[in-house]
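Student: Predicted coordinates and the sequence they were generated for:
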Amino acid sequence: MTAPRVLVTGMGCVSGLGRGVAANWRRARSSDGAIRALASPATAGIAAWTQEPPGDEVRFPGVEADRLRRLGRLDPLSAFALEAAIEAVADAGLGGHPSLAHRTAILVGCGSGGNATIETAYERLFAHGQPKVHPQTIPSSMIAAPAAHLSMLLGVHGAAFTLSSACASSAHALGEAMHMIRAGRADVVIAGGSEACLTLGSLTGWRSLGVLASDTCRPFSRDRKGMVLGEGAAILVLESEDHALARGARILGELAGYGLSSDAGHMTAPDVAGIAAAILAAHEDAGLALDEPILYSSHGTGTALNDPAETAALHRVYGASLSRHRVIATKSAHGHMIGATGAMEFLLGLLALREGAPPPILNHLGPDPDCDLPLVLESQTFEPDALVSASIAFGGLNAVLIGRRA
């Protein structure tokens, strides 16, 4: 029996590029990146941070105050997810739809829990010697909080849970959501990811790892110095084709394939064979020929190890047909959103398919012989029917999604 097609009917996001899909797409397409100096002296450095601090009143206009109070205290991790999901559900025209109650699931990918809440509690305990912390410290900081908060706000009684696989988290969430719909376990899945890691403790940990750039993110460029962190969320509404067409939904694209692999090798060094295996599995799942022109949305972190490994994997998989494809790297605009980054890149990639206008890679200083790829470095027209979006995570956890034009 042929598996049902899985369609994208709603999108929502928030990042350093802006609030909402329209703002994010406008800036990404026009080469207007979000990476800049952090506002707080305590967290000196650069990142792609959101314009406004998390806050219910700012993020959820039109949502009744008593509904928000029932959610309890919101860490930015949940606030970002709620903002993106509210936009996505509205975009899909599903607000108040009866299928939300019992035939809808929620899958959220997060790389870490509520960093801001945890650090505030630790500051009270260790810096100020306070004997207690806020009573909602645990429920607001747990990594499952965004999924729980979404189910409460949207009235979703189906499966709701979190997937955590570092910076492949939201790509895994979308892929597993696709399989839930194919298996008939849900008609609708609200899926994506959220991350709020721009806190003093988190930033200090990343700096100590030695992978952060001091200037900016330069994927596949000579003289690149590392990655730049971002924050925010990206959520998509996925539906079975029958369900979407029956209610007259607007179709934004299709999630047509999903491949995953584990390097089983090193915690921070990517493996060419592992990356290639995930890409090939996604192509097989989608029935997409390797020589069919694609837009490849790279993991493209701008680090010394990732970019050459990803380049080598692309040459291994596509061979002589690689020149027919185009490669983008949107982390150069919105930063590395860790658990949210796979969903954000897939979302922007689908928009690029629709518009026939891939967003250019920013901050490129010139070719690196170890990163010989057909990069999109300036505005151009490219109109393939398929998107391949790769997430290559610490721990050797790889997830690749394939999207198709609406």
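Tutor: Everything's here; your move. For clarity, every value in this text was computed on a predicted model and none was experimentally measured.

Student: could you give the mean pLDDT of stretch 334-349?
Tutor: This predicted structure assigns stretch 334-349 an average pLDDT of 98.

Student: what's the span of that stretch from first residue to last?
Tutor: Counting by Cα to Cα, to the nearest Å, the length from the leading to the trailing residue of stretch 334-349 is 13 Å.

Student: Run the chain-centre distance for it.
Tutor: Offset of stretch 334-349 from its chain centre (Cα atoms, centre = their mean, to the nearest Å): 3 Å.

Student: Using the neighbour-count criterion, name the buried positions in that stretch.
Tutor: The neighbour-count criterion (16 or more other Cβ atoms under 10 Å) identifies 334-349 as the buried residues of stretch 334-349. Where C-beta positions appear, they are placed from N, C-alpha and C, glycine not excepted.

Student: Look up the closest residue to residue 215, ignoring the ones flanking it.
Tutor: residue 225 (6.0 Å; Cβ to Cβ, 6 or more residues apart in numbering).

Student: next one: residue 263
Tutor: Across the structure, with Cβ to Cβ, 6+ apart as the measure, the residue nearest residue 263 apart from its sequence neighbours is residue 396 (2.7 Å).

Student: That neighbour is in contact with residue 273, isn't it?
Tutor: No: shown here, residue 396 and residue 273 do not form a contact pair, counting by Cβ atoms under 8 Å, at 10.3 Å.

Student: picking that back up, model confidence at the residue nearest to residue 263, what's the number?
Tutor: With respect to pLDDT, residue 396 scores 97.

Student: Need the phi and psi values for it.
Tutor: Recorded main-chain torsions at residue 396 are phi 70, psi 30, according to degrees, to the nearest 10.

Student: I'd like the distance from it to residue 269, if you could.
Tutor: Residue 396 sits 8 Å away from residue 269 when distances are taken as Cβ to Cβ, to the nearest Å.

Student: Show me which of these two is the more surrounded one.
Tutor: When neighbours are counted by other Cβ atoms under 10 Å, residue 396 and residue 269 differ, and residue 396 comes out ahead with 21 against 12.

Student: for that one, what are its contacts?
Tutor: Contact partners of residue 396, counting by Cβ atoms under 8 Å, 6 or more residues apart in numbering, are 262-267, 270-271, 274.

Student: quick one, strands of the stretch 151-300 of the chain?
Tutor: Using DSSP state E, counting those that start in this stretch, the strands of the stretch 151-300 of the chain run over residues 160-163, 188-195, 232-240, 253-262, 294-297.
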